[in-house]
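Student: pasting the structure only:
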């Protein structure tokens, strides 16, 4: 199964199914079986493009940002955002897309879906604000989009009683689903940031403690897998390596501001011996603690 309805794209198979809907510019589903089959350079759309990957892996760029899309992922761009494949081809796989054209949408967030929509002024304002400020165009595991695409195809194909209203409703549902996904992601990110601040303070308050993953997870009331994921998302480190990073940062400060012996600094920072401290410091910093201290004194 593949189809491409468009009002202005020369490669489209037809425009009739969407001609009567002013708010749909493009709608399609494609099975890309040959990587050379469809060249796709960076481009703009006259509306909000929403995509959903059902099979394969896609490399996508928006401006200077690169993304990898996998099955179950969605993607959204605004009319002023140039996007496409960095290699100017479409990767192997299967993908749905729709371009919804609002009556008005500007980069400062002013948005109005149009007279076809029953969205309130407040809802229009909210949609415009969220989409215009969005900096992460990938919608991870946005599975709700697939059902919306399937329903839209069925309504346009069968045109049963009430299909015009259903198509209008589905266009609104696409916008609402995308905005909810972005908003929920923002809330999760904020929650994770707050969680990490508490976690960070907990470790810094007792760097000499012989921390284990079990203890870290238990004190934060989460599982070890979740702990590893959250710390890595926030720092790029595993919990164990982030703990080493914090210990070395404290050690560097003590080497700079105190005359303590290396053995005392090692124990204060949670290293089990001066040898362990020296080898870890040298591996991470590129200099021994003694050399680092001498360098600070001469600078």
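Tutor: Yep, it's here. For clarity, every value in this text was computed on a predicted model and none was experimentally measured. Residues are numbered from 1 along each chain as shown.
Student: From now on I want contacts and neighbour counts done on CA atoms only, so please keep to that.
Tutor: Fine.
Student: now residue 203, nearest residue through space, not along the chain?
Tutor: Excluding its sequence neighbours, the residue lying closest to residue 203 (C-alpha to C-alpha, 6 or more residues apart in numbering) is residue 243, at 7.3 Å.
Student: The one you found: helix or strand, and which one exactly?
Tutor: With secondary structure defined by DSSP states H and E, residue 243 is part of helix 239-257.
Student: hmm, back to that, check the gap between the residue nearest to residue 203 and residue 202 for me.
Tutor: Distance of residue 243 to residue 202, computed by C-alpha to C-alpha, to the nearest Å: 11 Å.
Student: neighbour-wise, which of these two wins?
Tutor: Each of residue 243 and residue 202 has its neighbours counted (other C-alpha atoms under 10 Å); residue 243 has more, 19 against 14.
Student: Pull up the gap between that one and residue 145, please.
Tutor: 40 Å.
Student: and what of residue 294?
Tutor: 60 Å.
Student: cool, residue 67 as well?
Tutor: Separation of residue 67 from residue 145 (C-alpha to C-alpha): 19 Å.
Student: Please identify which of these two sits among more neighbours.
Tutor: Neighbours were counted for residue 67 and for residue 145 using other C-alpha under 10 Å; residue 145 has more, 24 against 16.
Student: Isn't the more buried one up against residue 176?
Tutor: No - when contacts are counted by C-alpha atoms under 8 Å, residue 145 is not listed as touching residue 176 (10.6 Å).
Student: overlap in contacts of those two?
Tutor: With C-alpha atoms under 8 Å, 6 or more residues apart in numbering applied, the contact sets of residue 145 and residue 176 do not overlap.
Student: if I look at the nearest residue to residue 235 once chain neighbours are set aside, how far off is residue 45?
Tutor: With C-alpha to C-alpha, 6+ apart as the criterion, residue 235 has its nearest non-adjacent residue at 7.4 Å, and that residue is residue 242. The gap separating residue 242 from residue 45 is 43 Å, by C-alpha to C-alpha.
Student: In contact with residue 271, which residues?
Tutor: Shown in contact with residue 271 (C-alpha under 8 Å, 6+ apart): 208, 277.
Student: In three-state terms, label it for me.
Tutor: Per DSSP: H, G, I helix; E, B strand; the rest coil, the local secondary structure of residue 271 is coil.
Student: do the same with residue 49
Tutor: strand.
Student: go on, residue 177?
Tutor: Following three-state DSSP, residue 177 is assigned to helix.
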